[in-house]
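Enquirer: Quick one: sequence plus predicted model below, questions after.
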Amino acid sequence: MNSIQPSRFKEKFTELFGVDLRSLAALRVAMATLIIIDLIRRCRDLVAHYTDFGVLPRAALLQDFSRWRISLHLANGTWEFQALLFGIAGACALALMLGYKTHIATVGSWFLLASLHSRNPLILDGGDVLLRLMLFWVIFLPWGACWSVDRALGPPDIKLPERKLSAATFAYVAQIVFVYWFSVLHKTGPEWHEGTAVYYTLQFDQVVTPFGQYLLQFPSLLKLLTHSVVWFERIGPLFLFSPILFGPVRTAAILSFFLLHIGIGICTNVGIFTWAAPFSLLGLLPSWFWDKIPTCLKRTERLRTEIYYDQDCSICLRTARLVERFLLLSKNVVAPAQSNPSIESDMRLHNSWVVIDHQGTKHFRFSALSTLAARSPLIWPLAIVLRTSFSNRVGDWIYEVIANHRGCPINRPSAPPRRSNLKLGISVNLLILFLLGYVFMWNLKTLPNFHFKLSERSSALGELLRIDQIWNMFAPRPPMNDGWYVIGGRLKNGEVVDLFRNGASVSWGKPVSVGNLFQSYRWWKYLLTIWNKGDNNSWLNYSSYLCRAWNADHDLNETVEHLRIIYVLETTLPNYDVAPLQKILLFEHHCGEKQ
């Protein structure tokens with residue numbers, strides 16, 4: 001009896017704080033996809049945000065730069081160098097998505113993302129921080145053990161555990177909880193307790209969407225939503241650890257978090273946080289969820305599929321296993337064609353692998369791939385395209401090229417790969433627990449009215465590893481002031497244009513859409529950050545960039561000589577009252593002045 005109790009306790013603890021390898025794989029694909037999308041979106045402002053020509057030259061950044069941060073992007077200030085690093089980061093993310101050299105790709109993606117964030121911290125938000133933290137913690141997790149190239153090319157006889165428990169899984173789960181519990185602790189403003197926070201947030205025209213503006217006509221609903229957000233952040237994480245009906249309850253809790261963040265994203269533009277937050281929860285999906293998917297998606301033709309390959313061709317075996325892994329095929333057989341004389345004869349006759357469906361029909365070449373795609377619960381709709389005559393012609397041609405080169409050196413049998421080891425050593429587990437405790441202390445020091453601080457030396461570890469964080473979005477109070485920018489630039493020919501609106505005539509009327517004035521979300525975040533900082537150096541850097549960018553694209557007679565940055569302030573009043581507009585001169589600059 002005494003031996004049973006510890007065993008049951010360990011089993012329950014593993015269930016609550018362990019992770020399913022399939023969930024980690026889903027997390028890996030989601031995080032890699034976010035990195036790629038984020039890099040693509042940042043590319044449009046590559047010159048403006050990451051080069052010496054832009055708003056934050058390296059010399060300006062280093063004036064107020066933590067000596068503990070490391071940024072490879074600071075090595076050179078040209079757009080060519082930055083584009084090279086973007087390309088390398090994209091390649092690492094692609095390898096991460098496919099699960100190829102997963103650990104190297106993870107470390108590379110984390111380092112390059114941390115480097116990118118350190119290059120221009122003025123444009124970062126909570127989504128960036130969360131994405132960076134996820135990449136850090138998963139360095140210690142086996143998220144390449146399932147649905148990956150590494151797994152497909154690894155030893156076929158290894159039986160991996162369904163769930164993994166370690167200090168790293170505990171730290172990953174704890175980090176998710178920190179996001180929500182510290183977020184609610186930051187919400188100390190009276191608006192969150194009185195129920196008006198969502199009202200003020202949706203009055204913030206710079207980020208509100210048309211749907212968010214529509215909700216403003218339902219004040220009772222806004223009050224309900226405010227209280228719902230606060231209470232959900234308080235008790236929502238608890239449902240992730242339900243001791244009763246663990247699988248269904250945790251799945252429902254994760255779905256609820258997804259709906260919460262998608263709802264916020266529908267009402268306001270909060271950048272990558274809309275997707276980083278819910279995607280970070282994918283690693284928490286219970287085994288119950290994955291075990292239910294085959295039952296929900298099962299179709300009779302998917303029950304059994306046989307894949308036969310040429311055992312004398314190592315790349316054929318690898319291809320068959322890759323297809324099996326990535327198409328999520330179940331109830332299938334993967335075997336060498338030489339194991340069946342009839343199938344071997346067909347293989348040599350058609351110079352092709354052989355796929356046999358549930359009806360016993362044999363498929364060859366590209367048709368075999370489209371047959372497998374039709375039986376995949378992941379990409380079965382794509383089979384309609386793959387079965388077209390054009391796709392078959394192109395696919396057969398590609399297959400023939402590959403099949404005719406099966407004897408090339410790449411297909412010679414290689415040394416068997418090393419067995420995967422999913423266990424962390426005691427020293428690594430202790431290190432992770434120490435880092436988790438450090439992160440908890442870091443979050444404590446960020447809380448308002450909490451008298452706890454870390455010294456500059458103590459903060460060095462967080463800055464070095466970029467595990468620094470603060471979860472104060474729309475906290476302690478939602479934005480109470482709204483407005484827009486008017487940047488009047490006087491040209492050499494005497495004309496005055498609005499540089500913020502790409503040279504349009506200066507107008508003081510409120511735009512139809514304030515949010516559309518910003519070139520991108522990153523530009524909005526940059527201007528919000530320097531507005532909150534309120535220091536002249538930031539406005540000087542921005543003004544100098546505006547001069548450089550405008551004058552580089554215009555003739556000498558149309559160059560800007562002087563500009564004034566004016567913010568038209570619109571204070572948000574309660575009960576839908578309208579405040580008079582105020583024009584605030586933020587900065588005045590003569591182009592050509594030394595910074």
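Expert: Perfect, I can see it now.
Enquirer: May I ask which helix or strand encompasses Lys445?
Expert: In this assignment (DSSP states H and E), Lys445 forms part of helix 426-446.
Enquirer: next structured bit after that helix?
Expert: Scanning onward from helix 426-446 (DSSP H and E), the first element met is helix 460-465.
Enquirer: Can you list the helices and strands that that following helix packs against?
Expert: Counting contacts by 3 or more Cβ pairs under 8 Å, 6 or more residues apart in numbering; DSSP states H and E, helix 460-465 packs against helix 426-446. To be clear about C-beta, it is placed using only N, CA and C from the backbone, and glycine gets the same treatment.
Enquirer: hang on, the earlier thing: which residues make contact with the helix holding Lys445 from outside it?
Expert: 140, 166-168, 170-171, 174-175, 178, 182, 186, 424, 450, 452-454, 459, 461-462, 465, 467-472 (Cβ atoms under 8 Å, 6 or more residues apart in numbering).
Enquirer: Any of the residues you listed buried? List them.
Expert: The neighbour count (16 or more other Cβ atoms under 10 Å) marks 140, 166-168, 170-171, 174-175, 178, 182, 186, 424, 454, 459, 461-462, 465, 467-472 as buried among the contacts of helix 426-446.
Enquirer: helices and strands of the protein: which one has the lowest mean pLDDT?
Expert: The weakest-scoring helix or strand in the chain, judged by mean pLDDT, DSSP states H and E, is helix 314-326 (a mean of 73).
Enquirer: Buried residues, stretch 472-488. List them.
Expert: Those would be 472-476, 478, 482-488, for stretch 472-488 by 16+ other Cβ under 10 Å.
Enquirer: As a check, name the ranges of all helices in the stretch 301-450 of the chain.
Expert: In the stretch 301-450 of the chain, the helices defined using DSSP state H, counting those that start in this stretch lie at 314-326, 341-350, 365-374, 383-386, 389-403, 426-446.
Enquirer: Please name whichever of those helices is nearest to Phe204.
Expert: helix 426-446 (22.6 Å; Cβ to Cβ).
Enquirer: Return the member of the buried residues of stretch 472-488 nearest to Asn502.
Expert: Of all these, Asn502 sits closest to Ile487, with 10.7 Å by Cβ to Cβ.
Enquirer: In terms of helices and strands, where is that closest one?
Expert: strand 481-491.
Enquirer: what's the spacing between stretch 7-16 and its chain's center?
Expert: 31 Å (Cα atoms, centre = their mean, to the nearest Å).
Enquirer: In the chain, mark out all the strands, start to finish.
Expert: 19-20, 163-164, 305-309, 332-336, 354-356, 362-364, 481-491, 496-498, 504-505, 560-571, 582-590 (DSSP state E).
Enquirer: Quick one, which of those strands gets closest to Met97.
Expert: strand 19-20 (18.8 Å).
Enquirer: Against which helices or strands is that closest one packed?
Expert: Under the contact definition 3+ Cβ pairs under 8 Å, 6+ apart, strand 19-20 sits against strand 163-164, helix 167-186.
Enquirer: counting contacts, what elements does the shortest one pack onto?
Expert: For strand 163-164, the contact count by 3+ Cβ pairs under 8 Å, 6+ apart identifies strand 19-20, helix 21-43 as packing neighbours.
Enquirer: looking at these, which is closest to Trp353?
Expert: Across the helices and strands packed on strand 163-164, closest to Trp353 is helix 21-43 (Cβ to Cβ), at 25.1 Å.
Enquirer: Measure how far the closest one is from the centre of its chain, please.
Expert: 5 Å.
Enquirer: Check stretch 581-595 too.
Expert: The mean C-alpha position of stretch 581-595 is separated from the chain mean by 36 Å, Cα atoms, centre = their mean.
Enquirer: Just the CA trace of it, in PDB.
Expert: Output in PDB follows, covering the C-alpha atoms of stretch 581-595 (Å, rounded to 0.1, in the frame of the first residue of the first chain):
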ATOM      1  CA  LEU A 581      -8.500  68.800 -28.300                       C
ATOM      2  CA  GLN A 582      -5.100  70.100 -27.200                       C
ATOM      3  CA  LYS A 583      -2.100  70.700 -29.500                       C
ATOM      4  CA  ILE A 584       1.100  69.700 -27.700                       C
ATOM      5  CA  LEU A 585       4.500  70.600 -29.300                       C
ATOM      6  CA  LEU A 586       6.700  67.700 -28.600                       C
ATOM      7  CA  PHE A 587       9.800  68.600 -30.500                       C
ATOM      8  CA  GLU A 588      11.100  71.100 -33.000                       C
ATOM      9  CA  HIS A 589      14.100  70.300 -35.200                       C
ATOM     10  CA  HIS A 590      16.200  72.000 -37.900                       C
ATOM     11  CA  CYS A 591      17.300  69.400 -40.400                       C
ATOM     12  CA  GLY A 592      21.100  69.200 -40.500                       C
ATOM     13  CA  GLU A 593      21.600  69.900 -36.900                       C
ATOM     14  CA  LYS A 594      24.100  67.600 -35.200                       C
ATOM     15  CA  GLN A 595      22.700  65.000 -32.900                       C
END
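Enquirer: Could you find the closest non-adjacent residue to Arg69?
Expert: Using Cβ to Cβ, 6 or more residues apart in numbering and skipping the chain neighbours, the partner closest in space to Arg69 is Ser118 (4.6 Å).
Enquirer: Let me fix that, I meant to ask about Lys453.
Expert: Nearest-residue entry for Lys453: Lys445, 5.6 Å, with adjacent residues in sequence omitted and distances by Cβ to Cβ, 6+ apart.
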